[in-house]
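J.: sharing a model that was predicted from the sequence below.
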Amino acid sequence: MSDVTVSLGANKYGKAECRLVKITRDTARHEIEDLNVTSQLRGARLVDSYLTGDNSLVVATDTQKNTVYAFAREHGVGSPEELLLRLGDHFVSSFDWIEGGLWQAEQYSWDRILLDGLEHDHSFVRKGQATRLATVQKVDGETHVTAGLKDLVVLKSTGSEFRGFPRDRYTTLIETDDRILATSVTGRWRYLPEAVEAGIDFNALYAGVSEVFLATFASVHSLALQQTQWEMGKAAIEAFPEIAEVKFAMPNKHHFLVDLAPYGLENPNEVFYAADRPYGLIEGTIVRDGVAAAPQAWTDVPTFV
Ligand SMILES: O=c1[nH]c(=O)c2[nH]c(=O)[nH]c2[nH]1
């Protein structure tokens, strides 16, 4: 007989990636909300579903999925954060053994197709810009809301340098005072619990933070992607009192100047090779001074740092 013993560690379960498209069609001018929603539940008493296959407390993942669609019909979406808060409250209040969970959403944006210069009522084209992110975390009786974005691809063709780094026998990188800076921003920010309690216009905040990120990227003269990232997070926290902290992951999408000398040509920062890998990976958290840290808000949230 083996004397090895094992026990069950952290767990949660639910339905991942419920693709939800909600059309609001009260008038001829339709509205579209396009989301990818994941619902997962936690609770100490769920342990038996893992250990013995006792399903008596398992709110089926199929039920969780159905609830997502039913809630879209019954309550609308409004914002991904509000949808997730409704789902979280529902599961925790309807089933007394469900202690918490993690609800996540991505939202894809659409523009109206222009027809003869006019916005079409019910034909849309997917926006190439960022995917919106939202999470609601319920843990230990507390509710945490984060918002964010991913795949916000930005580039500046000047106004970026990288100099002054240490050199050793393996360093070949040439210092530059004029390079391309490009990245695909993943950023998530946590709302102060008291601001969530008081009521947040999540859609307005999302638009505002996205705008601040872009404006800061454009206006800051970059000494390194690290410094640009810091300035972006700092600007968002300064602009919006609802935000407690911002986390970023930014790949440095390197653009290497192509040597055109073999063809008898100069290359005054005009022709670049856009490498896809390897890439620098710059991650950081920017925190408002004086706010309580909330590591639980980030449990199992797929990010970084
Ligand atoms: O903005 C940058 N940060 C770095 O840390 C780094 N390292 C590197 O090789 N290039 C760059 N660029």
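T.: All right, it came through fine. Numbers count the residues shown, from 1 in each chain.
J.: other SSEs contacting the longest helix seen in the chain?
T.: The residue-count maximum for a helix in the chain (DSSP state H) belongs to helix 202-219. Applying 3 or more C-beta pairs under 8 Å, 6 or more residues apart in numbering; DSSP states H and E, one finds that helix 202-219 contacts helix 80-94, strand 142-156, strand 181-191, helix 225-239. Using the backbone N, CA and C atoms, a C-beta is placed for each residue, glycine as well.
J.: do the third one and the ligand meet?
T.: No: against the ligand, strand 181-191 shows no contacts by C-beta under 6 Å from any ligand atom, the least distance being 7.2 Å.
J.: and the angle for that strand with helix 225-239?
T.: Interaxial angle, strand 181-191 versus helix 225-239 (axes from the mean of the first three to the mean of the last three C-alpha atoms, to 10 degrees): 40 degrees.
J.: who does strand 181-191 pair up with?
T.: Partner strands and pairing direction for strand 181-191 (DSSP bridges) are strand 142-156 (antiparallel), strand 243-252 (antiparallel).
J.: quick revisit: which one of the helices and strands packed on helix 202-219 is the most hemmed in?
T.: strand 181-191 (a mean of 23; mean count of other C-beta atoms under 10 Å).
J.: mean confidence for that strand?
T.: Here strand 181-191 scores 96 as its mean pLDDT.
J.: which SSE is immediately downstream of that strand?
T.: Under the assignment DSSP states H and E, the closest C-terminal helix or strand after strand 181-191 is helix 193-198.
J.: can you put the helices and strands packed on helix 202-219 in CSV and add distance to G117?
T.: Below are the helices and strands packed on helix 202-219 laid out as CSV (distance: least, C-beta to C-beta, whole Å):
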stretch, distance to G117
helix 80-94, 32
strand 142-156, 28
strand 181-191, 32
helix 225-239, 34
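J.: what's in contact with the longest helix of the chain?
T.: Residues from elsewhere that reach helix 202-219 (C-beta atoms under 8 Å, 6 or more residues apart in numbering): 78-82, 130, 132, 134, 147, 149, 152, 154, 156, 185, 187, 189, 191, 228, 231-232, 235-236, 239-240, 242-243.
J.: for stretch 97-107, same thing?
T.: Contact with stretch 97-107 is made by 12, 14, 33-46, 57, 59, 80, 83-84, 87-88, 91-92, 131-141, 150, 299-301, as judged by C-beta under 8 Å, 6+ apart.
J.: so how far is stretch 51-69 off the chain centroid?
T.: The chain centroid and the centroid of stretch 51-69 are separated by 27 Å, computed with C-alpha atoms, centre = their mean, to the nearest Å.
J.: what's the span of that stretch from first residue to last?
T.: With C-alpha to C-alpha, to the nearest Å as the measure, stretch 51-69 spans 31 Å from end to end.
J.: confirm that S2 sits in a strand.
T.: No: according to DSSP: H, G, I helix; E, B strand; the rest coil, S2 belongs to no strand; its state is coil.
J.: quick one on the thing from earlier: take the contacts of stretch 97-107 and keep only those in helices.
T.: Members of these lying in helices (criterion: DSSP H): 80, 83-84, 87-88, 91-92.
J.: quick check: residues of the chain near the ligand?
T.: With C-beta under 6 Å from any ligand atom as the criterion, the chain meets the ligand at residues 162, 173, 224-226, 252, 280.
J.: out of the residues you listed, who has the most neighbours?
T.: The member of those surrounded by the most neighbours (other C-beta atoms under 10 Å) is L225, with 22 neighbours in all.
J.: hmm, N252 and it touching each other?
T.: Yes: L225 is within contact range of N252, at 5.1 Å (criterion: C-beta atoms under 8 Å).
J.: for the stretch 1-150 of the chain, which residue gets nearest to the ligand?
T.: Residue of the stretch 1-150 of the chain nearest the ligand, by C-beta to the nearest ligand atom: K150 (19.9 Å).
J.: list buried members of the contacts of stretch 97-107 by neighbour count.
T.: Buried by 16 or more other C-beta atoms under 10 Å: 14, 33-43, 46, 57, 59, 80, 83-84, 87-88, 91-92, 131-139, 150, 301, out of these.
J.: now, these that are in strands?
T.: Under the assignment DSSP state E, the buried ones among the contacts of stretch 97-107 contribute 14, 33-42, 131-139, 150 to strands.
J.: break this protein into its domains for me.
T.: Residue ranges for each domain of the chain read 12-128, 146-305, as given by automatic domain parsing.
J.: shaky segments in this structure?
T.: Low-confidence segments of the chain, defined by pLDDT under 70: 1, 304-305.
J.: V21 in helix, strand or coil?
T.: strand.
J.: quick check: beta-bridge partners of it?
T.: Note on V21: beta-bridge partners by DSSP bridges are D34.
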